[in-house]
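Participant: Generate a structure from the sequence data that follows.
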Amino acid sequence: MEQTQLRRKFEDSRAWGILTTIDLFNCNPELIRSDVAIRRFVVELCERISMRRFGPTQVVHFGEDERVAGYSMTQLIETSLISGHFANADNSAYIDVFSCKFYEPEEVREFAMTFFQATRGESWVVLRGVQA
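Facilitator: Numbering: from 1, shown residues only. Predicted structure coming up:
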């Protein structure tokens, strides 16, 4: 859906929020294994989509099962939450951005792909709490 159409639908439906789910594949392994890079991604993303961060970005590495081991990230924003998981086993990343303030989902996907140097990315957009 074209971005102007999505914005109009967001506003006309009186949606409570917008969720973008992004799957990235074949990411640069050094970037997804770096808590510093992941924190930088969050700061730059928030600046790009005009979201104000609330508190520090949480980045924790865990996972006993090698299939799912990697960093997980959460960042509260004044309008909701950004989260993600970075899987070491296959150099993939799974990022979610949810906000009650509209942003451009395609801009988020493109920035995430570029930042993590992914060769492929897929995304889905859901309007939450649609009233009309």
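Participant: How about the helix-or-strand element of the chain with minimal mean pLDDT, which residues are buried there?
Facilitator: Counting by mean pLDDT, DSSP states H and E, the chain has its least confident helix or strand at helix 3-12, which shows a mean of 89. Buried positions in helix 3-12, judged by neighbour count with 16 or more other C-beta atoms under 10 Å: 6, 10. Quick note: C-beta positions are derived from backbone N, CA and C, even for glycine.
Participant: Packing partners of the very next helix or strand once past it?
Facilitator: Elements were assigned by DSSP states H and E; along the chain past helix 3-12, the next helix or strand is strand 17-25. Strand 17-25 makes packing contacts with strand 92-99, helix 105-115, strand 120-128 when contacts are defined by 3 or more C-beta pairs under 8 Å, 6 or more residues apart in numbering; DSSP states H and E.
Participant: Save the ones you listed as TSV, and put in mean neighbour count, distance to residue 21 and mean pLDDT too.
Facilitator: As requested, the helices and strands packed on strand 17-25 are exported to TSV (neighbours: other C-beta atoms under 10 Å; distance: least, C-beta to C-beta, whole Å; pLDDT from 0 to 100):
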stretch	mean neighbour count	distance to residue 21	mean pLDDT
strand 92-99	20	5	98
helix 105-115	18	9	98
strand 120-128	14	5	97
